[in-house]
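S.K.: structure here, sequence nowhere to be found:
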């Protein structure tokens, strides 16, 4: 399935503020994933770009976007209020651009957490599920599950794709969180991967191979959610 080049777009956030975005799709896409970046790298980072391209090859469109601080060249992330408003604006814009496609949302680390916080505060329009590419449960070296509290307010399916060497998510804390979330949460362990889904040479796999399995899993999960009777 051929993927079109990413199309630059502009997203209106609030009070005249705008952020840049990239829409990537195919003519026969069956869903759109609104994909937010992590705290340290924007929507054009090689992991984000490769993921969007490879998801399009799997029939999943993506709308990537920058948070305001990233567009401004700042290293300090936006306040949760502004970040969540940006998530909501991006999802709304995706719905306008691709009105026939069911929406999913989430992203890498910080972007995924801001998406889940936005969903917990008020359901994102048209979003059928949330997918996290490395959920940042806590800061490295400071294990805690306090960042998961808002997840219990979310009523749509959630997919957690998590490296077993992720320094931002101690599995002894993450697994009980997933258990308490019940059937609406799915945890997929990515063996030997860290928070960036990098694997050491001794694993016998390349980062590209890991990413391919990761995106296959995401696409399959999207299909399963859409096939569920609750998806309508």
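M.R.: Yep, it's here. Everything quoted here is computed from the prediction, not taken from an experiment.
S.K.: so where do the helices sit in this structure?
M.R.: With DSSP state H, the ranges of helices along the chain come out as 46-57, 68-71, 80-97, 110-121, 171-181, 207-227.
S.K.: what is the third one packed up against?
M.R.: Yep, that's helix 80-97 we're talking about. strand 7-12, strand 18-24, strand 31-36, strand 60-65, strand 103-108, helix 110-121 (3 or more C-beta pairs under 8 Å, 6 or more residues apart in numbering; DSSP states H and E). From N, CA and C alone the C-beta is placed, and that goes for glycine too.
S.K.: next one: the closest residue in space to residue 107 that isn't next to it in sequence from residue 203, what distance?
M.R.: Leaving aside its chain neighbours, residue 107 sits nearest to residue 36 (3.3 Å; criterion: C-beta to C-beta, 6 or more residues apart in numbering). According to C-beta to C-beta, to the nearest Å, residue 36 and residue 203 sit 27 Å apart.
S.K.: measure stretch 39-54 end to end?
M.R.: Start and end residues of stretch 39-54 are separated by 22 Å (C-alpha to C-alpha, to the nearest Å).
S.K.: neighbour-wise, which of residue 36 and residue 203 wins?
M.R.: Set residue 36 next to residue 203 and count neighbours by other C-beta atoms under 10 Å: residue 36 wins out with 29 against 15.
S.K.: so what's the more buried one bridging to?
M.R.: residue 65, residue 107 (DSSP bridges).
S.K.: okay, it: pLDDT?
M.R.: Predicted confidence (pLDDT) for residue 36: 97.
S.K.: tell me who's in contact with it.
M.R.: Residue 36 makes contact with 64-65, 67, 87, 90, 105-108, 110-112, 114-115 under the criterion C-beta atoms under 8 Å, 6 or more residues apart in numbering.
S.K.: so which of the residues you listed is the most crowded?
M.R.: Using other C-beta under 10 Å as the neighbour test, the contacts of residue 36 are led by residue 111, with 33 neighbours.
S.K.: and the gap between that residue and residue 209?
M.R.: Residue 111 is 24 Å from residue 209, where distance means C-beta to C-beta.
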